[in-house]
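Trainee: No letters, just coordinates:
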DNA sequence: TTTCTTTACGCAAGCGCTTGCGTAACTGCC
DNA sequence: GGCAGTTACGCAAGCGCTTGCGTAAAGAAA
């Protein structure tokens, strides 16, 4: 079974390759009946074009890169799902890269895109990332980069995020309303813009209710569950007065629950917990977890749509729109006040 | 900033493009000092090769495709993580595709690979998939396809799976030992080889303990949580005698828990539950869930290693090795017998 | 009939890199 | 000093597709 290519089709039909190529692209320059013949033969011979050749010729890869920190988190899983949905609908392919929260890896990954591998990049910056020149460099090469969820501050481009500040504020207020007077916050990577927003929301709500913000109530975690468990445990041991926990990252939920459990701090009787989380199992946790659910799937769809729209109109720069999709607070047992 | 390419480098160094190309590939045909000069200039000019051109010329894309049903499931998320780890280490890129359990989409996706987009494919077949000619067709084109987790029966190729039969048997036996005498099984897509294995393991364990297999104790679920909830609820309502549940798919856990809860069937007092699951939150569910944890990350690493090794030795066909990694039963409160 | 469009297609030059082969220059050998 | 054997590099033909431009044929306008 020899590989069949454009030339083969052209020969068989006594046409030139350019005509066949245009016919397959449904070009206006080709007659309707010719198109039919080409299509028919292509189908019959099961012709599949070589994407590298087309990419090289057209300098368009029909491929986008998705660069994310991790894929464990159900947020990113759902976001990727959203991205894939629109990409597939538009005939785009998705290259996926994990930075594992490492700035160095992020740089290496983005650098490779300068060769033209992808038409555009969708990313959520790593927790470590502090500088942004690698992103700017890519933009300078004409490769559009858009952010979702975790955006880099210095970069002007489209982004879709959620209302982190308000959500966090809302969540904290909820804890206050549930009677918490000593609320701690569990974070990762405080330099992350979204984390800063969440912390600010937390601060605002505290201020609002006359509680004061304590730096030692903010714990910066890592990505190692063991370490996090210990850090949270230390926090709770050092501060027996803590009666509320705002968990800004889904990843930390398990560690937080376990630390509370192991220390005999009952949820919600002793400590009430709210967590940013997109996990479906929040509802069946022990106790069911009050969450801030982010529109992960929609975020993925939105950012992909933005990028692909920009890619359609050759260099209609994807602008600098900042879409904000709302998160929702879902109250469950972990913040219940009618303690049984 | 004009694009810099091989020719540019060559001109600048007064070399031919072939020499520069070979120098960058660290070919034995090029002198050490020349290599140095080339490397130095490449670095200085921030040269990034055009991957489409190399792929076209060398008919190697350094890219593999990962085709999976979903990404919601933490199993697949972790498996992708494993794949990515070894791919990145070998300089390979990963294209990701979701079939959403649709055979038709799976066919369309695989078909596109016939053009040479990828050097190899790692897949877990969709739940719908019954025929396999689309996979065979790809193999016929010389594109290696390897399976992980969900393999297609008719295809001869490398695969890495887990010991589904034994695990399932073990889990069922565990339920029996915990006193269950009416154990139901929740499945999806019974034609899936792994599901068949799991059902057989269940049957074996039942037979072993003298319990009889009842077809009406096997519920085939879908991917819609609502539907599944209802189906499970119906099962439990129709069969109040059911005192054990073997959940073969992580996705169904939440629905199962909710159905039990809403019907007032206490876990583990009334119904004991074991689930195939890789979710970290299993430990903090209400009650903590006894799980069969699959080596997802390792599976991803293993299958990727197998494929990449085959890709190195140009057409040293990746053989038909069938690696089986063991799953482990983790007993937790959902099968506890000392009911409080 | 002549001229101007329009329509439908072919020519050929790439796109940027790879690679088989050819060949100078240099080495070591008898 | 002649010869085979390296070593280091260049030539040029692709890889398979895209696309700007040119043009014959056919129809419309004058």
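Mentor: That came in fine, so what should we check first? Just so you know, these numbers come straight off a predicted model, no measurement behind them. Numbering: from 1, shown residues only, chains lettered A, B, ... in the order given.
Trainee: Is whatever helix or strand residue A:307 lives in in proximity to chain B?
Mentor: Secondary structure assigned from DSSP states H and E places residue A:307 in helix A:296-312. No: shown here: helix A:296-312 not in contact with chain B (CB under 8 Å from any CB of the partner chain), separated by at least 9.8 Å. Using the backbone N, CA and C atoms, a C-beta is placed for each residue, glycine as well.
Trainee: Which single residue in the stretch 201-340 of chain A comes nearest to chain B?
Mentor: residue A:286 (3.1 Å; CB to the nearest CB).
Trainee: Residues in contact with the helix holding residue A:307: which ones?
Mentor: Identification of contacts with helix A:296-312 by CB atoms under 8 Å, 6 or more residues apart in numbering or on different chains yields A:64, A:74-87, A:90, A:92, A:119-120, A:122, A:144, A:146-149, A:158-162, A:278, A:316-319, A:321, A:323, A:325.
Trainee: What of stretch A:57-66?
Mentor: A:51, A:54-55, A:80, A:83, A:87, A:91-97, A:109, A:113, A:116-123, A:304, A:307-308, A:311, B:52, B:95.
Trainee: Going through those residues, which ones are buried?
Mentor: Listed as buried from the contacts of stretch A:57-66 are A:51, A:54-55, A:80, A:83, A:87, A:92-97, A:109, A:113, A:116-123, A:304, A:307-308, A:311, B:52, B:95; burial here means 16 or more other CB atoms under 10 Å in any protein chain shown.
Trainee: And the closest residue to DNA strand D within the stretch 51-200 of chain A, how far from DNA strand C?
Mentor: Using CB to the nearest atom of the strand, the closest approach of the stretch 51-200 of chain A to DNA strand D is made by residue A:57 at 2.7 Å. Per CB to the nearest atom of the strand, to the nearest Å, residue A:57 is found 4 Å from DNA strand C.
Trainee: so when I look at that residue, I'm seeing a strand, right?
Mentor: No: according to DSSP: H, G, I helix; E, B strand; the rest coil, residue A:57 belongs to no strand; its state is helix.
Trainee: If you count neighbours, what's buried in the helix or strand in which residue A:111 is found?
Mentor: Following DSSP H and E, one finds residue A:111 within helix A:103-112. In terms of neighbour count (16+ other CB under 10 Å), helix A:103-112 has its buried residues at A:103, A:105-107, A:109-110, A:112.
Trainee: circling back to that earlier point, among the buried ones among the contacts of stretch A:57-66, which ones are in helices?
Mentor: In helices, defined here by DSSP state H, the members of the buried ones among the contacts of stretch A:57-66 are A:51, A:54-55, A:80, A:83, A:87, A:109, A:304, A:307-308, A:311, B:52.
Trainee: Quick check: the two most widely separated of these?
Mentor: By the measure CB to CB, A:54 and A:80 form the most distant pair in those, at 25.4 Å.
Trainee: that older thread, out of the ones in helices among the buried ones among the contacts of stretch A:57-66, which is nearest to DNA strand C?
Mentor: Nearest to DNA strand C, judged by CB to the nearest atom of the strand, of these is residue B:52 at 7.5 Å.
Trainee: pLDDT score for the closest one?
Mentor: As predicted, residue B:52 sits at a pLDDT of 97.
Trainee: again, but for the one 10 residues further on
Mentor: Here the pLDDT value assigned to residue B:62 is 97.
Trainee: Share the number of residues neighbouring it, please.
Mentor: Other residues lying near residue B:62 total 16 when counted by other CB atoms under 10 Å in any protein chain shown.
Trainee: And residue A:296, how close does it get to DNA strand D?
Mentor: In this view, residue A:296 and DNA strand D are 35 Å apart by CB to the nearest atom of the strand.
Trainee: now swap in residue A:227 and tell me
Mentor: Taking CB to the nearest atom of the strand, one finds residue A:227 at 50 Å from DNA strand D.
Trainee: Give me the three-state assignment for that residue.
Mentor: What three-state DSSP gives for residue A:227 is helix.
Trainee: Spatially nearest residue to it, not counting backbone neighbours?
Mentor: Residue nearest to residue A:227 in three dimensions, not counting chain neighbours: residue A:221, with 7.3 Å by CB to CB, 6 or more residues apart in numbering or on different chains.
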